[in-house]
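1. can you look at this prediction? I've put the sequence above it.
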Amino acid sequence: MAKFTMPSLGADMDEGTLVEWLVEPGDLVRKGDPVAVVETAKSTIEVECFDTGTMTELLVGPGTTVPVGTPLALIGRAEERRPAPHAPKKGKPSEPAEPPASSEPSSPPPEPAPVPVPVPASSVARLPGHVDAGPLVRHLAEQSGVDLGTLHGTGPGGRVTRTDVEHAATARTGTGPPRARATPLARRLAAELGVDLATVRGTGRQSAIRASDVRRAAPGPSAPAPPAPAAPGRPSATRPSEDRAAAMRQAIAGLMSRANRDIPHYYLSTTVDMAAATDWLREHNRRSPVGERLLPAALLLKAAALAAREVPELNGFWTDDRFTAGEGVHLGVAVALRGGGLVAPALRHADTLALPQLMNALKDLVTRARTGRLRGSEVSGATITVTNLGDQGVETVFGVIHPPQVALVGFGRVADRPCAVDGLLGVRPVVTVTLSADHRATDGVVGSRYLTAVDRLLQKPEHL
């Protein structure tokens, strides 16, 4: 039996709040599947499963804040998924209604003795007054008016699942087809916002309706759900936007204070001539459909990723007093959030993406970052981070390294500046590129190699 625990989604995360389950007991999950939504001080994140198997029990309810490493659910073997009702178990003489096949066919089966048959522990859910069901299922049954003692569980070991309760509720009320598949938080939001779940298109597992789907379907401007009453020791799943923004600023302040205190930064900068890049970009966009056109950011990010592959000393982590190179170039991209604050999710294997792929991946990442749909692997796997404030009119940015990474690259805006080229003075588009690096892992010579590589790559944009 494996434990699904509250993950660490960043160096500054000590605890998280479970907002929403995307699965229920009895569901088959695979490694990498999103199974829960977790809120940290900085963002709301979809958390992937670490194992493959059957989700047998949810240990923590929505709205609960727990420390990193706390078990949230139990995952059993994949073959444990929803056994057939009353299925006999081999090797358990107390359960089968018929004796197992004998290895000696000449011996007739004995008559069953008229004595009580002991009931194994796994079948305790079938005894009156002893129902095997988790707290979330019990809560749903109470809300639906379903007597758990009348149900036969279809989960592992006869455990009553959410689906069992929903089917029983449908049969009891005679409301026709089973109600729409939706997470508990989605149902609560639908009731609060007056949304008919039958009209909502689900984007979760098996088309389950999620809270974000309900918010999109709500009439009028989308608004966050009000906080639900919380039991003692179990805070509500949502917080007012002001509190969340304050918590994010506090988390960022703590992380950056630690980074400035513990990391001996050194800083380098260079000015890159962008004439070749802008000419190529203009011609590419002229020949391309609207949906395939590129922004200058795509060229800058690709050059940063390729340079990190060329200079691997800057692509990785400082942990346990030594440098560990990253497995691939996972480019963290600083994204400003609409409510304030920022996150830096990772464009995984950015050095291998063609420019159109990178552009699409960037758009998708920014959209999901601002709508709270990032995944855990995206917020904790960056090997080097890029911040680009050019669209804000900034010409030069020196960032603070995001531990345990060892480098951060900054791009300013592309601006026309007078400069000398081949002995002649002219006006050229240029961009200032900066590097903040960890002096424990590298020195200025390595940093210079990196910036030189970025410059060289941007001079041949057709090869990016």
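-> The structure has been received and is ready for your questions.
2. just checking: what are the partner strands of the longest strand belonging to the chain?
-> The residue-count maximum for a strand in the chain (DSSP state E) belongs to strand 424-438. If you go by DSSP bridges, strand 424-438 pairs up with strand 265-273 (antiparallel), strand 407-411 (antiparallel), strand 415-421 (antiparallel).
3. which of these sits closest to L301?
-> With Cβ to Cβ as the measure, strand 407-411 is the member of the strands paired with strand 424-438 nearest L301 (8.7 Å). Placement of C-beta: from N, CA and C, glycine included.
4. ok, residues contacting that closest one?
-> Outside of strand 407-411, the residues within contact range by Cβ atoms under 8 Å, 6 or more residues apart in numbering are 297, 300, 304, 308, 314-315, 384-390, 396-402, 431-438, 442, 447, 450, 454.
5. now the helices for this protein?
-> Secondary structure of the chain by DSSP state H: the helices cover 135-144, 162-173, 184-193, 211-217, 241-262, 275-287, 296-310, 355-370, 376-380, 444-458.
6. to T54, which of those lies closest?
-> Among the helices of the chain, the nearest to T54 by Cβ to Cβ is helix 162-173 (13.3 Å).
7. quick one, that closest one and helix 135-144 angle?
-> 10 degrees (axes from the mean of the first three to the mean of the last three Cα atoms, to 10 degrees).
8. tell me which residues of helix 162-173 come out buried.
-> R162, T163, D164, V165, E166, H167, A168, A169, T170 (16 or more other Cβ atoms under 10 Å).
9. please apply the same query to stretch 415-429.
-> For stretch 415-429, a neighbour-count test (16+ other Cβ under 10 Å) marks R428, P429 as buried.
10. who touches it?
-> Stretch 415-429 is touched from outside by T271, D273, M274, A275, T278, E395, V414, V430, V431, with contacts defined as Cβ under 8 Å, 6+ apart.
11. could those residues go into TSV alongside neighbour count and pLDDT?
-> Shown next, in TSV, are the contacts of stretch 415-429 (neighbours: other Cβ atoms under 10 Å; pLDDT from 0 to 100):
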residue	neighbour count	pLDDT
T271	16	96
D273	17	96
M274	22	96
A275	16	95
T278	18	96
E395	15	93
V414	19	94
V430	20	96
V431	27	97
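12. could you measure from C419 over to I45?
-> 44 Å (Cβ to Cβ, to the nearest Å).
13. same thing with I384?
-> 21 Å.
14. show me the strands in the stretch 1-150 of the chain, by range?
-> Assigned by DSSP state E, counting those that start in this stretch, the stretch 1-150 of the chain shows strands spanning 2-5, 15-21, 28-29, 34-39, 44-48, 53-58, 65-67, 71-76.
15. so which of those is nearest Y266?
-> strand 44-48 (32.2 Å).
16. helices or strands next to the closest one in the packing?
-> Counting by 3 or more Cβ pairs under 8 Å, 6 or more residues apart in numbering; DSSP states H and E, the packing neighbours recorded for strand 44-48 are strand 34-39, strand 374-375, helix 376-380.
17. tell me the most buried of those?
-> Ranked by mean neighbour count, the helices and strands packed on strand 44-48 are led by strand 34-39 with a mean of 23 (mean count of other Cβ atoms under 10 Å).
18. tell me which strands that strand pairs with, and in which orientation.
-> Under the criterion DSSP bridges, strand 34-39 sits next to strand 15-21 (antiparallel), strand 44-48 (antiparallel) in its sheet.
19. could you tell me the angle between the last one and helix 241-262?
-> Between strand 44-48 and helix 241-262, the angle formed by their directions is 70 degrees, by the same axes, to 10 degrees.
20. buried residues in strand 44-48?
-> T44, I45, E46, V47, E48.
21. quick one: contacts of that strand?
-> Residues contacting strand 44-48 (Cβ under 8 Å, 6+ apart): 7, 9, 19, 22, 31-39, 372-377, 379.
22. possible to save the strands paired with strand 34-39 as TSV with mean pLDDT and distance to G69?
-> TSV is the format used below for the strands paired with strand 34-39 (pLDDT from 0 to 100; distance: least, Cβ to Cβ, whole Å):
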stretch	mean pLDDT	distance to G69
strand 15-21	89	10
strand 44-48	88	13
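23. okay if I get these as a markdown table plus distance to A73?
-> Putting these into a markdown table (distance: least, Cβ to Cβ, whole Å) gives the following:
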| stretch | distance to A73 |
| --- | --- |
| strand 15-21 | 8 |
| strand 44-48 | 11 |
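24. show me the one of those strands that comes nearest K363.
-> So among the strands paired with strand 34-39, strand 44-48 is nearest, using Cβ to Cβ, at 18.0 Å.
25. next, the angle from that closest one to strand 71-76.
-> Using the same axes, to 10 degrees, strand 44-48 lies at 30 degrees relative to strand 71-76.
26. export strand 44-48 as CSV, just CAs?
-> Extracted in CSV, the C-alpha atoms of strand 44-48 (Å, rounded to 0.1, in the frame of the first residue of the first chain):
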residue,chain,number,x,y,z
THR,A,44,-3.1,26.8,-6.8
ILE,A,45,-1.6,23.7,-8.3
GLU,A,46,-2.7,20.4,-9.7
VAL,A,47,-0.7,17.6,-8.0
GLU,A,48,0.1,14.5,-9.9
